[in-house]
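A.B. asks: I'll drop the sequence and a predicted model, then ask my questions.
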Amino acid sequence: MPRIALYTCPQTVLSSLSMADDAFRLANRLAGEALFEPVRISADGRPVQLDYAQLSVDGDLRLAESAELLLIPATGSDLDKSLEDNAELVAWLAARPVGQSLASLCSSACLLAASGQLDGRRATTHWALADAFRRRFPRVRLHIEAMFTEDGNRFCSGGAQAGLDLCLRLIARHADDWLAQRVAAALVVDQRRGPQSRYAPLLPSRGQDDAQIAPLLRWMARHHAEPIDLACLAERASCSTRTLLRRFKAATGLTPNDYLQRLRIDAAQHALRNPAHSLERVAAQVGYADRATFARLFKQLCGETPGAFRKRLRDAPG
């Protein structure tokens, strides 16, 4: 029976911890036998005080040494705080043998990465942390579009509920896929929900504070379906193309062309909600003369084809 050590600390997101614990205990109930032994641990074995609850634990990191899997639930978006306050865990992780399985949910991928256990390996985390994660851990092969990653016996999940996708995969790996399907059905969740990129907003929230760029963004939103090039945008912003590129990237994190494509695909997502509009009509409506180009960019940015996006909306309950 594999022991699964669930690490807890003051930064632990309780919903992430309880989701993982519930999944493995539910698997035991549905299987009619104890297939998994989830235990809660803290660095020193003492209860953990969260903002709104105190968590009892079963032991310290020594208990995790005999566990088949150490799983670190989400620890919030303040990566610096998480790394600073969990330095003892990071040092312990760095000494883990290759044969022990290690997993992180959401933002806690930073703790695995800081220990070096993800160097050269595929990993993922919450889509909103992609830039910060890449800056801190350039040796990790970040696949931010993935709902979860599996590289040998190193596992990571994307944001929030993607942790359940990983837990279902771990149940299938240590038991069987039939049990994972039963757990998913009991929790009323689809397995293999597609890439995490489906949930990330297409347009950045930045840009409105730049007095020169903000009016340009509003103009682009109104005219995104029209032919727009860099020279046109620079003329409207009353600056050189070189200055525009620098200011635009600083304000939005994107080039003008990347921002324009995201504007168009965002508009296409709304247009696809009308079943009377063909894909060709939607493509032309948002600024693409070629349906193939539209479909390629849509899948690149949304993680699914326009047809799959429309079908998912059509099949959604309610």
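C.D. replies: Okay, I see it.

A.B. asks: for residue 178, grab the count of nearby residues.
C.D. replies: By other C-beta atoms under 10 Å, the residues close to residue 178 number 11. Heads up, the C-betas are built off the backbone N, CA and C, glycines and all.

A.B. asks: and for residue 313?
C.D. replies: 12.

A.B. asks: and the host helix or strand of it, average pLDDT?
C.D. replies: Following DSSP states H and E, one finds residue 313 within helix 306-315. Helix 306-315 carries an average pLDDT of 88.

A.B. asks: same thing with stretch 275-291?
C.D. replies: The pLDDT scores in stretch 275-291 average 94.

A.B. asks: list phi and psi for residue 141.
C.D. replies: Per-residue torsions, residue 141: phi -90, psi 90 (degrees, to the nearest 10).

A.B. asks: from now on call the first residue 18
C.D. replies: Okay, residue one is now 18; in that scheme the one you just asked about reads as residue 158.

A.B. asks: what residues are bridge-paired with it?
C.D. replies: Assessed by DSSP bridges, residue 158 has beta-bridge partners residue 139.

A.B. asks: I figured it hits residue 141, correct?
C.D. replies: No. Residue 158 is not in contact with residue 141 according to C-beta atoms under 8 Å; the separation is 9.8 Å.

A.B. asks: ok, then the element right after the longest helix along the chain?
C.D. replies: Criterion DSSP state H: the longest helix present in the chain is helix 31-48. Downstream of helix 31-48, the next assigned helix or strand under DSSP H and E is strand 54-58.

A.B. asks: now do the next helix or strand along the chain from that next one: everything it contacts.
C.D. replies: Once the chain leaves strand 54-58, the next helix or strand it forms, by DSSP H and E, is strand 65-66. Residues from elsewhere that reach strand 65-66 (C-beta atoms under 8 Å, 6 or more residues apart in numbering): 25-27, 29, 59, 71-72, 74.

A.B. asks: and these as TSV, adding pLDDT, secondary structure and neighbour count?
C.D. replies: Shown next, in TSV, are these (pLDDT from 0 to 100; DSSP: H, G, I helix; E, B strand; the rest coil; neighbours: other C-beta atoms under 10 Å):
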residue	pLDDT	secondary structure	neighbour count
25	98	coil	22
26	97	coil	21
27	96	coil	16
29	97	coil	24
59	98	coil	22
71	94	strand	8
72	95	strand	17
74	98	coil	20
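
A.B. asks: which one among the residues you listed gets closest to residue 286?
C.D. replies: Distance to residue 286 across the contacts of strand 65-66 (C-beta to C-beta) is lowest for residue 29, with 34.5 Å.

A.B. asks: and the helix holding residue 330, what's buried?
C.D. replies: 323, 326-327 (16 or more other C-beta atoms under 10 Å).

A.B. asks: and stretch 42-54, by the same measure?
C.D. replies: Applying 16+ other C-beta under 10 Å to stretch 42-54 flags 43-45, 47-48, 52-54 as buried.

A.B. asks: end to end, how far does that stretch reach?
C.D. replies: Terminal residues of stretch 42-54 are spaced 8 Å apart (C-alpha to C-alpha, to the nearest Å).

A.B. asks: what segments of the stretch 218-335 of the chain are helices?
C.D. replies: Assigned by DSSP state H, counting those that start in this stretch, the helices in the stretch 218-335 of the chain fall at 230-240, 247-254, 258-269, 273-288, 296-303, 308-319, 323-332.

A.B. asks: in the second one, what's buried?
C.D. replies: Applying a neighbour-count criterion of 16+ other C-beta under 10 Å, the buried positions in helix 247-254 are 247, 250-251, 254.

A.B. asks: swap in the fifth one?
C.D. replies: Of the residues in helix 296-303, those scored as buried under the neighbour-count criterion (16+ other C-beta under 10 Å) are 296, 299-301, 303.

A.B. asks: which of the residues you listed sit farthest apart?
C.D. replies: Using C-beta to C-beta, the buried residues of helix 296-303 span at most 11.1 Å, a distance reached by 296 and 303.

A.B. asks: residue 158 and residue 141: which is more packed in?
C.D. replies: For residue 158 versus residue 141, the count of surrounding residues by other C-beta under 10 Å is larger for residue 141: 30 against 14.
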